[in-house]
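Undergrad: coordinates only, sequence not included:
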């Protein structure tokens, strides 16, 4: 497929998906609604992390997978990365923690979601 043909297909897809969004612009969430939703997501994620006993933060379902703690850090570190790229607002943490304990993960979750809620109004 030529680059020109691929560009036309990409444009067509963007146009098709943008049309419903434009037609329903009244239903697009406001920043306050997004912030509320992120706050709810934060509380849910923290509840999951708190429910897992500290001794099981090293749990892996299979040897190839990340541990529970690594997975929680991975999930929330993507928030730092993604929102830094779209906002330019430097996050508190630049890289994931080296040591993963329950306390570290809870702080990481709390800080990452707070960062998102802080950055949202600047977008």
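TA: Thanks, I have it. Quick caveat, the model's predicted, so the values are computed rather than measured.

Undergrad: who's in contact with the residue sitting nearest the centre point of the chain?
TA: Using C-alpha atoms, centre = their mean, the residue of the chain that lies closest to the mean C-alpha position is residue 79, 3.6 Å off. Counting by C-beta atoms under 8 Å, 6 or more residues apart in numbering, residue 79 touches 112, 113, 115, 116. Using the backbone N, CA and C atoms, a C-beta is placed for each residue, glycine as well.

Undergrad: Likewise for residue 38?
TA: Per C-beta under 8 Å, 6+ apart, neighbours of residue 38: 113, 116, 117, 120.

Undergrad: Quick check: the gap between the residue lying closest to the first one once chain neighbours are set aside and residue 55.
TA: Using C-beta to C-beta, 6 or more residues apart in numbering and skipping residues adjacent in sequence, the residue nearest residue 113 is residue 42, 3.4 Å away. Counting by C-beta to C-beta, to the nearest Å, the gap from residue 42 to residue 55 is 24 Å.

Undergrad: So those two - more neighbours on which side?
TA: Remark: of residue 42 and residue 55, residue 42 carries more neighbours, 19 against 8, as counted by other C-beta atoms under 10 Å.

Undergrad: could you say which helix or strand contains the residue nearest to the centre of the chain?
TA: Per DSSP states H and E, residue 79 falls inside helix 68-87.

Undergrad: Off-centre distance for that helix?
TA: Here helix 68-87 is found 6 Å from its chain centre; the criterion is C-alpha atoms, centre = their mean, to the nearest Å.

Undergrad: ok, now stretch 98-112?
TA: 15 Å.

Undergrad: in the helix or strand harbouring the residue nearest to residue 113, what's buried?
TA: Assigned by DSSP H and E, residue 42 belongs to helix 31-51. Residues 34, 35, 38, 42, 45, 46, 49 are the ones in helix 31-51 that count as buried (16 or more other C-beta atoms under 10 Å).
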